[in-house]
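*Asks:* 3D, please:
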Amino acid sequence: MVKNSTIVFDSNEWEEVYNGIVSSRGDIYKVDLILRSIKTGEEVPVVMLRGSSDSKIKKIKEFTENVSRNQYTRKIAIYGGVIPPELREISLKFNITLCHKIILNHTNMSKIIEVPASQVEKPLQQPENKYEKIQRREKIFIIKEILDTVNSSEGINITKIIYKCNLNYQYAIKLLENLIQKGMVDVMEYKNGIKYTITSEGKNYLNELKSL
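*Replies:* Residues are numbered from 1 along each chain as shown. Model prediction:
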C-alpha cells in the first residue's frame, strides 16, 4: 500500500471514464472511475470510499474481488474520513494506493476529484466541465515532496522522483525545470543518464516549507 494525500495526473495524457467497466472474470463490474492513458492505453481503476468504516471495507473488498490484480498495475482508492486498520491491510495486500484526492493538472489549472462532503452512497457523477485554479498549498506540497526526495540522495534520476512523488513524467519535468531555473536543483550528467541534486538554496527553501 502507498498512502498519499494527493496524486497528480496530467489531463493532456489521461482521460476520465466515470462508472467505467473493468474485466471481472467474465462478468460486468463498474468502478467509480477509470483513468486511461491517451498514449499507452493503460487503465487505472479508482474506487471512492465513503460512509462508515464498514461501508468502506465492504466497498474495497468488492473492488479487490472484481478488479484483476494482474491486469491493472496501478489501482487507487480515494477516501474520506478515517481509514480503518482492516482497510489499510487490504490496501497493502492488493497494492492499492490510498489518497484523499486526485488532481488532473491542465497547465496552471486543475480538476479535483475527491469524496463528496455528503456521505450518501451513490455512483460518482462526472464533475461540471470546468477547471479550478490549483490551490497554492497543493503546488507547494508537490514541490516540497520533490525537494525532499532529491535531498534524500546525492543524485537521483527522474524515474525515482516520479515513483516517490506519484507524478507523471511531463509534470515532474516541468516542475524540475522550474526548480533548476530558480537555482534550487542542479542537473548532473552520468554515463547512465541524468541525475538531480539539491542546492543549498533548495535546502533552505525545503526547510521553510517544512516549517509551514
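*Asks:* CA-only coordinates of the helix or strand hosting residue 36 in PDB, if you can.
*Replies:* Element membership for residue 36 (DSSP states H and E) is strand 33-37. Only the C-alpha atoms of strand 33-37 are listed here, as PDB (Å, rounded to 0.1, in the frame of the first residue of the first chain):
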ATOM      1  CA  LEU A  33     -13.700   6.000 -12.200                       C
ATOM      2  CA  ILE A  34     -11.100   4.800 -14.700                       C
ATOM      3  CA  LEU A  35      -8.200   7.000 -15.700                       C
ATOM      4  CA  ARG A  36      -7.000   5.900 -19.100                       C
ATOM      5  CA  SER A  37      -3.700   6.900 -20.700                       C
END
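*Asks:* where does this structure dip in pLDDT?
*Replies:* Applying pLDDT under 70 to the chain picks out residues 1-4, 23-27, 69-70, 106-109, 117-137, 191, 212.
*Asks:* Give me the most central residue, it.
*Replies:* residue 7 (2.0 Å; C-alpha atoms, centre = their mean).
*Asks:* And the residue nearest to residue 46 when sequence neighbours are not counted, how close does it get to residue 159?
*Replies:* Nearest non-adjacent residue to residue 46, counting by C-beta to C-beta, 6 or more residues apart in numbering: residue 33, 4.1 Å away. From N, CA and C alone the C-beta is placed, and that goes for glycine too. In this view, residue 33 and residue 159 are 26 Å apart by C-beta to C-beta, to the nearest Å.
*Asks:* Counting neighbours, go ahead and name the busier of these two.
*Replies:* Between residue 33 and residue 159, counted using other C-beta atoms under 10 Å, the more crowded position is residue 33 (20 against 11).
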